[in-house]
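Peer 1: how would this look folded up:
(2 chains)
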Amino acid sequence: MRTETFYNNVLKESYTVTELSNGLKVYICEKPEFNSVYAVYGTKYGSIDSCFTVNGKEISVPDGIAHFLEHKLFESEDGDAFSKYSATGAYANAFTSFDRTCYIFSCTERFYENLDILLSFVQNPYFTAETVKKEQGIIGQEIRMYDDSPNWCVLFGMLEAMYHNNPVKIDIAGTVDSIAEIDDKVLYTCYNTFYNPSNMFICIAGNVNTAEVLDKINAGVKQTPPIDLKRADFSEPKDVVKGYTEKQLEVSLPLFCYGYKQDVSGGDPTFREMIAMNAFIKLLADDASPLYKRLTDSGLINDEFDAEYFTGRSFAAVIFEGESNNPQAVADEIAAEIEGIKQNGIDKRLFESVKRDMYGQAVKRYNSVDNIALMLVDSAVFGYNYSDELDIIKNLTEADILSLLDVFDKDKSVLSVINKKVQ
Amino acid sequence: MSYKSFKISNGADGIFVENTRFNTTVISLNFYLPLTAETVAENALLPYVLTSCSADYRDYSELNLKLNMLYGADIAVNVEKSRDVQHIKIAISVINDEFSLGGESVISEAMDLILSLVFNPVIENGALSAADTEREKRKLLEHIAGEINDKRAFAKNRLMAVMFDNSPYGISKYGTYEAAERITPAALYEAWLRMLTTAYVRVQVIGKALPDGLFESVAARLKNHERKDITDYTFCSPVEARADVKKVTEHYDVAQGKLVMGFSSEVHGEDAFALTVMADIFGGGPYSHLFENVREKMSLCYYCSASAVRSKGLMLVQSGVEADNARKAEKEILNQLELIRQGKFSDFAFNASVKAITGSLKSYNDSLYALDKWYSSVIMSDELKTPERAAEQIRSITRRDIINVANGIKLNTVYKLMPKGEGKQ
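Peer 2: Prediction:
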């Protein structure tokens, strides 16, 4: 067992990372002044992991299975985990994204009992044909709910038009048809592949004692040997499938998602590159930016407008989203703004303010044990070292920003639009 | 958790909740005004115009640049219906001075900024700035029209409109599209004056230290206005029981139907915690009757939940179901309520509910926003109710209290949002 401590000297905060003998990594941030503890048990397994090779055998599984497995894992032979948490008063939840699945609890008392529940149900799957069938009904309704969500549909419209092969273009929950193919056997296959300790992590923030928690986790985890897992190479081309896509739904104003696809065939962005790209996005679309003012004053965007760096294992894109009566005009203005930066460089005053803003956001993150724990999850998935964050932000240069300009290639952009349904 | 309260002036109180665990301090200015059909849209638009610029920051890009320079200070506006009043919150949160890079006091700058926004708007010929009003009005109108995008929230709003058809409580918190469309810069100026003269005002600080002179500065600015006819922010009329259940079904272009049911309760008021617990056992956490039966056993939906508005004596049930299953779900929801009335709920669910709610109250002290929201929702008295005190009251609730509350619950209105061409009943 090896423990490394990461200090943030400005904020006087620290967290530890410990690798256990079975390969599980444990991240802990002590916040003794808080009442609550937020704990996450996660695996680097999400909706994109539908093709893989394990111990030399190539396997392909139905879309939506990671999310389905998340729902099912709460059930054990001796009752479901939700009931056990109900007895302790903890709040429990879980989520599946493109590249990870996380099981969460937060509590203000009986932490060790809750930790036992978490360790127990995540390590003891129990799937039967009958319980799988029941879940198909519930998840079917969850999928139908998202079918009515224009925000969800506009994002997936963009991803479908952006990616040729990467399964990031497929809905995390799959489809009613794909989940119908799931049975208990394939659930066990996925579980035994991706819920191996060497692929997993535990992140805890709050009123805990690190040494005690580590002892408890060490005693509670199984010594499953590592497996030989190879994830599929998606061989994703650099270009997009098509530059424009649209769909109709019951909406008031058209919704849009305008994204630039980034080539990450050479590896996912580093922590520094991620921070620099976030600064670039703020320079472009922050509410203090000239682009934001032009778009707002010409009536093209409202408070729904937002921009984000959409990244995960094997994919990255810069996305601008919002509502507009003329999405194409918004996309054109964004492209023109980027062209302006290519010609004239960046506004130094705005750049300084963006760095200040990002510094403040990093300070604020430590206000909440939830946010700290989720920060640790990012650290576990991407290997980010958050103790460097404030220094990276302070030392960010114009050159760091300009080095990212290549990402903004209009030929590799996609505009996805949801229009109002014509009766 | 300790708090201190201060009398600022006639109808204006200050509260300081000291909490050293955060790196940030929040200052919120809360205004409470009567909820009337004529004024709700104006009052809702006003804080958005006020926080987009001021006489000191004429241009919103400059204002946002200033906020960035204050290390990402965040201005948040919130408009809510609370009891039978309209609650407008304008808040700023900023990192504590010890983290500023040059040792400057960011908290005092943040304080000056929010006071400038609220008390020193751009005034042109007896009206708020026309350009700013028009811009924010367009955004508000688009927001109101966009409520249809979130079908779950939309269906709930429609239930409220149908259920409270003759009272202002049924109006969406931002008002109607038509009323918002009629707003003029002059009307908004009147709304601003009305807010400063007649609103009950509560200024709150949650954080490490009370900024120097905050309450005094608010008092001095309120002195410029003749404070009179101060809003009774405690006013609240409970939901009345209806003899016949009101049923409305509307059809939209959607894949999944939504079922929303509104109930009246015989108990209401700030201390009606038994209603909160009862609604939670009925349809709150995963231990609840609706989760266990309508979702897990019958597999009818992804969500089916109940919630209560204590002050109004209101309980709501919300569910997303296939059109063909809506009637089945409705029947089962009422069946589960009947079981609670008969006392057929487990000690396990009862205890789980009390633990979940009291645990959540305990965690309020770990969130600046939860604390700010809590303190701006409680009624001022000699002893302000803390989350800890509320948790104590909840722990004293008995099974008998739950049964009594459940027996006073009556179905009032059923609203269904259904796909076109399907599920017509």
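Peer 1: all contacts plus neighbour counts: C-alpha atoms, from now on.
Peer 2: Noted.
Peer 1: need the contact list for the residue lying closest to A:Val381 once chain neighbours are set aside.
Peer 2: Spatial nearest neighbour of A:Val381, chain neighbours left out: A:Lys44 (6.6 Å); criterion: Cα to Cα, 6 or more residues apart in numbering or on different chains. Counting by Cα atoms under 8 Å, 6 or more residues apart in numbering or on different chains, A:Lys44 touches A:99-101, A:194, A:199-200, A:381.
Peer 1: farthest-separated two in those residues?
Peer 2: The distance between the two most remote of the contacts of A:Lys44 (Cα to Cα) is 13.6 Å, for A:Phe194 and A:Val381.
Peer 1: would you map the strands across the stretch 51-200 of chain A?
Peer 2: Applying DSSP state E, counting those that start in this stretch to the stretch 51-200 of chain A gives strands spanning A:51-54, A:57-60, A:75-76, A:79-80, A:91-96, A:101-107, A:200-206.
Peer 1: quick one: strands adjacent to the first one?
Peer 2: Here strand A:51-54 is paired, per DSSP bridges, with strand A:57-60 (antiparallel), strand A:229-231 (antiparallel).
Peer 1: ok, how many other residues are close to A:Gly243?
Peer 2: When neighbours are counted by other Cα atoms under 10 Å in any protein chain shown, A:Gly243 registers 18.
Peer 1: what is the least confident helix or strand in chain A?
Peer 2: Least confident element among the helices and strands of chain A, by mean pLDDT, DSSP states H and E: strand A:79-80 (a mean of 84).
Peer 1: re earlier: out of the strands paired with strand A:51-54, which is closest to A:Phe121?
Peer 2: The minimum distance between A:Phe121 and the strands paired with strand A:51-54 falls on strand A:229-231, with 23.1 Å, by Cα to Cα.
Peer 1: burial of residue 133, as a residue count?
Peer 2: No chain specified, so I'll use chain A. So A:Lys133, with other Cα under 10 Å, has 16 neighbours.
Peer 1: that's the wrong chain, I wanted chain B
Peer 2: 23.
Peer 1: what residues are up against it?
Peer 2: B:49, B:184-185.
Peer 1: wait, is A:Tyr41 part of a helix?
Peer 2: No. According to DSSP: H, G, I helix; E, B strand; the rest coil, A:Tyr41 belongs to no helix; its state is strand.
Peer 1: residues in contact with it?
Peer 2: A:Tyr41 neighbours (Cα under 8 Å, 6+ apart): A:102-104, A:118-119, A:122, A:200-203.
Peer 1: again, but for A:His71
Peer 2: Contacts of A:His71 by Cα under 8 Å, 6+ apart are A:Glu135.
Peer 1: quick check: beta-bridge partners of B:Val205?
Peer 2: According to DSSP bridges, beta-bridge pairing links B:Val205 with B:Phe16, B:Ile27.
Peer 1: quick check: pLDDT value at the residue in the stretch 201-350 of chain A that chain B sits nearest to.
Peer 2: Using Cα to the nearest Cα, A:Ala288 is the residue of the stretch 201-350 of chain A that sits closest to chain B, at 4.4 Å. Reported pLDDT at A:Ala288 in the predicted model: 97.
Peer 1: grab the nearest non-local neighbour of A:Asp378.
Peer 2: Nearest non-adjacent residue to A:Asp378, counting by Cα to Cα, 6+ apart: A:Tyr384, 6.8 Å away.
Peer 1: quick one: the one you found and chain B, what's the gap?
Peer 2: Distance of A:Tyr384 to chain B, given as Cα to the nearest Cα, to the nearest Å: 22 Å.
Peer 1: so where's the chain shaky on pLDDT?
Peer 2: Because you didn't say which chain, this covers chain A. For chain A, residues meeting the criterion pLDDT under 70 lie at A:423.
Peer 1: let's do chain B instead
Peer 2: Across chain B, the ranges flagged by pLDDT under 70 are B:1, B:422-425.
Peer 1: most centrally placed residue in it?
Peer 2: Central residue of chain B (Cα atoms, centre = their mean): B:Glu80, 4.2 Å from the mean position.
Peer 1: kindly confirm my reading that that residue forms part of a strand.
Peer 2: Yes. Counting by three-state DSSP, B:Glu80 is located in a strand.
Peer 1: so what's the closest residue to it other than its chain neighbours up against?
Peer 2: In space, and not counting its chain neighbours, B:Glu80 is closest to B:His87: 5.1 Å by Cα to Cα, 6+ apart. Counting by Cα under 8 Å, 6+ apart, B:His87 makes contact with B:30-33, B:78-81.
Peer 1: secondary structure element for B:His87?
Peer 2: Using DSSP states H and E, B:His87 falls within strand B:85-95.
Peer 1: just checking: what are the partner strands of that strand?
Peer 2: Strand B:85-95 pairs in its sheet with strand B:24-34 (antiparallel), strand B:74-82 (antiparallel), by DSSP bridges.
Peer 1: would you mind finding the most buried of the ones you listed?
Peer 2: Ranked by mean neighbour count under mean count of other Cα atoms under 10 Å in any protein chain shown, these are led by strand B:24-34, which reaches a mean of 25.
Peer 1: beyond that one, next helix or strand please.
Peer 2: Using DSSP H and E, the helix or strand that follows strand B:24-34 in sequence is helix B:40-50.
Peer 1: against which helices or strands is that following helix packed?
Peer 2: The contact analysis (3 or more Cα pairs under 8 Å, 6 or more residues apart in numbering or on different chains; DSSP states H and E) places helix B:40-50 against strand B:74-82, strand B:85-95, helix B:106-119, helix B:130-145, helix B:177-181, helix B:185-198.
Peer 1: tell me the angle of it relative to helix B:185-198?
Peer 2: Following axes from the mean of the first three to the mean of the last three Cα atoms, to 10 degrees, one obtains 90 degrees for the angle between helix B:40-50 and helix B:185-198.
Peer 1: if we look at helix B:40-50, which residues are touching it?
Peer 2: By Cα under 8 Å, 6+ apart, the residues outside helix B:40-50 that reach it are B:77, B:79, B:86, B:88, B:90, B:117-118, B:121, B:132-133, B:136-137, B:140, B:173-176, B:179-180, B:183, B:187-188, B:191-192.
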